[in-house]
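Enquirer: pasting the structure only:
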Ligand SMILES: NC(=O)C1=CN([C@@H]2O[C@H](COP(=O)(O)OP(=O)(O)OC[C@H]3O[C@@H](n4cnc5c(N)ncnc54)[C@H](O)[C@@H]3O)[C@@H](O)[C@H]2O)C=CC1
Ligand SMILES: O=C(O)C(=O)Cc1ccc(O)cc1
């Protein structure tokens, strides 16, 4: 393997948790020779300069992408279309335009119309993150041994896909290619629904009069603590995820509600066998005993690609039972 940078000039639009982590990782690994970051507020630009992970910090998105070989848009998915429109005139022919959004169908729909001919548009999603936001939250190791899913649009030139793959691999990720539709179904159950459940349960606990704040904290060493971490995730980002992956999330939510009803009925009827069987099966899934790809509990979605390993939602911190 050569140590030459994969990318000569990397432009990062949005330098929060993910953009800031890409910058740090690209710098630490030598994946990019020059890193240009953009931030709208003077405070954030100042902070990025202090953190020192970019060679250049620009005020506008359009300015940042000039001459860039790879542009990675790392902003809430709802802002993808307007940002694509803003940067399109300055994109260099032959450049790769990518993103990191947690939803892919809407990003393809919203950005594609603005992508100039000669620019390779390859949406991506690193399945790695935390509940924290902003440039201070990023770290270089975030993507190590995590999946990065690429969802190239039809007709994308293979060498461009391979360059983007090489970039993500250089910063530690494992890369898999799939369609945007398949991505959105898989992530609806593995990431979006778990976040929705966390947001719900923490809100419900808080609303219960008897559960004071101190008791929530005091007794949160159990599963609840993991929920509170996830429920602390960025509201703007997650609002956009649910608005933009509406169909897949609603489909998964329908199945989830049916399964929850079955467990509710088992509790009401005192059906210990049903509860035990269910819990035994989920424990086996966790321990990797069940071949998840053939387990009917895990939707297959008429898979066109190799399955993603069904890791629990990416967690950078070990939980109590790990
Ligand atoms: N947080 C996570 O764990 C993960 C997030 N993602 C995706 O990554 C993207 C970014 O998320 P984070 O880095 O966590 O968010 P963040 O909130 O840490 O950073 C987002 C940055 O984008 C900037 N921004 C917003 N609109 C902009 C615009 N129009 N032009 C320029 N900058 C703009 C914000 O000022 C902020 O600095 C989202 O699409 C999210 O779905 C993907 C994987 C994991
Ligand atoms: O913090 C966690 O547990 C996460 O699940 C992070 C995360 C959030 C959004 C993604 O699209 C991918 C990973």
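Expert: Noted; the coordinates are in hand. All values reported here derive from a predicted model rather than from experimental measurement. Ligands and ions are numbered 1, 2, ... in the order given.
Enquirer: can you list the residues of the stretch 101-250 of the chain near ligand 1?
Expert: 101, 102, 126, 129, 130, 133, 134, 234, 237, 241 (Cβ under 6 Å from any ligand atom). Every C-beta, even on glycine, is put in place using the N, C-alpha and C of the backbone.
Enquirer: for the residue lying closest to residue 19 once chain neighbours are set aside, grab the count of nearby residues.
Expert: Leaving aside its sequence neighbours, residue 19 sits nearest to residue 74 (Cβ to Cβ, 6 or more residues apart in numbering; 3.6 Å). Applying other Cβ atoms under 10 Å, we find 23 residues neighbouring residue 74.
Enquirer: now residue 74: how far from ligand 1?
Expert: 5 Å (Cβ to the nearest ligand atom, to the nearest Å).
Enquirer: quick one: average pLDDT of the helix or strand where residue 148 lies?
Expert: In this structure, residue 148 sits in strand 147-150 according to DSSP states H and E. For strand 147-150, mean pLDDT rounds to 98.
Enquirer: any idea how far whichever helix or strand comes after it is from the chain center?
Expert: Counting by DSSP H and E, the element after strand 147-150 in chain order, helix or strand, is helix 158-170. Distance of helix 158-170 from the chain centroid (Cα atoms, centre = their mean, to the nearest Å) equals 18 Å.
Enquirer: what's the average pLDDT for the next helix or strand after helix 158-170?
Expert: With elements assigned by DSSP H and E, the helix or strand that comes after helix 158-170 is strand 174-177. In this model, strand 174-177 has a mean pLDDT of 98.
Enquirer: now do stretch 157-165
Expert: The model assigns stretch 157-165 a mean pLDDT of 98.
Enquirer: report the distance from that stretch to the chain centre.
Expert: What separates the centre of stretch 157-165 from the centre of its chain is 20 Å, taken as Cα atoms, centre = their mean.
Enquirer: buried stuff in it?
Expert: By neighbour count on 16 or more other Cβ atoms under 10 Å, the buried set for stretch 157-165 is 160, 161, 163, 164, 165.
Enquirer: now do stretch 24-38
Expert: By 16+ other Cβ under 10 Å, the buried positions in stretch 24-38 come out as 24, 25, 26, 27, 29, 31, 32, 34, 35, 36, 37, 38.
Enquirer: what is the nearest of the residues you listed to ligand 2?
Expert: Distance to ligand 2, by Cβ to the nearest ligand atom, is smallest for residue 25 among the buried residues of stretch 24-38, at 15.4 Å.
Enquirer: so what secondary structure elements neighbour whichever helix or strand residue 26 is part of?
Expert: Residue 26 belongs to helix 17-29 when assigned by DSSP H and E. Using 3 or more Cβ pairs under 8 Å, 6 or more residues apart in numbering; DSSP states H and E, the elements in contact with helix 17-29 are strand 7-13, strand 32-38, helix 158-170.
Enquirer: helices of the stretch 1-150 of the chain, start to end?
Expert: Here the stretch 1-150 of the chain has its helices, by DSSP state H, counting those that start in this stretch, at 17-29, 42-51, 61-65, 80-87, 105-111.
Enquirer: avg pLDDT for the last one?
Expert: Put plainly, it is helix 105-111. Mean pLDDT, helix 105-111: 98.
Enquirer: and if you look at the longest one?
Expert: When the per-residue pLDDT values of helix 17-29 are averaged, the result is 98.
Enquirer: that one and ligand 2 in contact?
Expert: No: Helix 17-29 stays clear of ligand 2 (Cβ under 6 Å from any ligand atom), getting no nearer than 8.7 Å.
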